[in-house]
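Asks: coords below, sequence missing:
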């Protein structure tokens, strides 16, 4: 067996180890969702971010893309229908889903509640949560409409690497 070779390169920013607990990590209410920020860009040198989300039935964004981040979902509980490109995928507890950058996607929570881990590589959306959401007064799904519906400006969409995809939402054909 060979020994690993040391590189003598300085560590990248955010290369230090860290531990965050779901009970004490920063938590926010936004879009009727509880967002628990487990790792943000400052923790990882911008390489990735990870959030745990608690969501009520019917929640989820319309079609959009992330222009410079790949997105991942790991289902902890519940059932969520995803649109990824032109494919509709139902995900349940234990399922792992990836969405490559620049891919149209959306989701809708079908069960009474759902929980998933949501990651971004490189880090991106957690910065929008930190800017636009309110600190959660408790670790629970917020009451409906507890926070105002956000209207992201074009500058904010660029800053967080997002783009809204115009046209119908196949997951919500009743909305025009």
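Replies: Good, I have the coordinates. What you see is a predicted model, and the numbers here were worked out from it, not measured in a lab. Residues are numbered from 1 along each chain as shown.

Asks: which residues of this protein fall in helices?
Replies: 41-44, 125-132, 154-159 (DSSP state H).

Asks: so how far is residue 19 from residue 55?
Replies: Distance of residue 55 to residue 19, computed by Cβ to Cβ, to the nearest Å: 25 Å. C-betas here are computed from N, CA, C, even on glycine.

Asks: who's more crowded, these two?
Replies: Using other Cβ atoms under 10 Å as the criterion, residue 55 and residue 19 rank with residue 55 on top: 24 against 6.

Asks: quick check: bridge partners of that one?
Replies: residue 114 (DSSP bridges).

Asks: try residue 80
Replies: residue 91, residue 109.

Asks: next: the one 4 residues further on.
Replies: For residue 84, the residues forming beta bridges with it (DSSP bridges) are residue 87, residue 105.

Asks: quick check, it in contact with residue 99.
Replies: Yes - shown here, residue 84 and residue 99 form a contact pair, counting by Cβ atoms under 8 Å, at 5.6 Å.

Asks: mutual contacts of the two, please.
Replies: Here residue 84 and residue 99 have residue 105 as joint contacts, going by Cβ atoms under 8 Å, 6 or more residues apart in numbering.

Asks: if you count what's nearby, which of those two comes out ahead?
Replies: Per other Cβ under 10 Å, whichever of residue 84 and residue 99 has more neighbours is residue 99, with 21 against 18.

Asks: thanks again, I'm all set now.
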